[in-house]
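Novice: sharing a model that was predicted from the sequence below.
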Amino acid sequence: MKTAPKLAAAAVLGLSAATMGASAASAAIVCNADHQCWHVHHHYSYRPEYGVVVHRDNWRWGPREHYTWREHAGRGYWRNGVWVRF
């Protein structure tokens with residue numbers, strides 16, 4: 001009988017840790033003036049001169065807007081079709 005409470009406590013602890021880890025992740029969509037967008041999985045500080053807009057991960061463009069997806073790994077942003085690292 002003593003095993004059941006230990007298993008329950010371990011399950012609660014594991015679930016709590018998983019929840020905290022999931023909320024710590026910060027996904028977003030970033031778009032530039034050329035209407036190119038990409039996903040980021042970490043919060044980066046984009047300077048105003050980069051000319052990008054950060055949206056929530058559930059952001060969608062409107063029916064009369066047209067954007068393209070340009071994914072890239074790492075820190076940076078798209079400018080004139082070139083990935084610029086920072």
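Specialist: Sure thing, it's come through. Numbers count the residues shown, from 1 in each chain.

Novice: which stretches of the protein have low pLDDT?
Specialist: For the chain, applying pLDDT under 70 flags the ranges 1-26.

Novice: which residues in it form helices?
Specialist: Taking DSSP state H, the helices of the chain run over residues 3-24.

Novice: need the strands for it, in chain order.
Specialist: Secondary structure of the chain (DSSP state E): strands located at 28-32, 36-40, 52-56, 68-69, 76-79, 82-85.

Novice: adding mean neighbour count and distance to Tyr46, write those strands out as TSV.
Specialist: To be clear about C-beta, it is placed using only N, CA and C from the backbone, and glycine gets the same treatment. Shown next, in TSV, are these (neighbours: other Cβ atoms under 10 Å; distance: least, Cβ to Cβ, whole Å):
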stretch	mean neighbour count	distance to Tyr46
strand 28-32	20	7
strand 36-40	18	9
strand 52-56	14	5
strand 68-69	10	18
strand 76-79	20	7
strand 82-85	10	11
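
Novice: could those strands go into JSON lines alongside distance to Gly62?
Specialist: Shown next, in JSON lines, are these (distance: least, Cβ to Cβ, whole Å):
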{"stretch": "strand 28-32", "distance to Gly62": "12"}
{"stretch": "strand 36-40", "distance to Gly62": "13"}
{"stretch": "strand 52-56", "distance to Gly62": "12"}
{"stretch": "strand 68-69", "distance to Gly62": "15"}
{"stretch": "strand 76-79", "distance to Gly62": "21"}
{"stretch": "strand 82-85", "distance to Gly62": "26"}
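
Novice: and stretch 42-52, C-alpha only, in PDB?
Specialist: Extracted in PDB, the C-alpha atoms of stretch 42-52 (Å, rounded to 0.1, in the frame of the first residue of the first chain):
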ATOM      1  CA  HIS A  42      13.400  31.200 -28.200                       C
ATOM      2  CA  HIS A  43      12.800  34.800 -27.300                       C
ATOM      3  CA  TYR A  44      15.300  37.100 -29.000                       C
ATOM      4  CA  SER A  45      15.700  40.800 -28.700                       C
ATOM      5  CA  TYR A  46      15.300  42.200 -32.300                       C
ATOM      6  CA  ARG A  47      16.700  45.700 -32.700                       C
ATOM      7  CA  PRO A  48      14.400  48.200 -34.500                       C
ATOM      8  CA  GLU A  49      16.900  48.500 -37.400                       C
ATOM      9  CA  TYR A  50      16.300  44.800 -38.200                       C
ATOM     10  CA  GLY A  51      12.800  45.800 -39.400                       C
ATOM     11  CA  VAL A  52      11.000  42.800 -38.200                       C
END
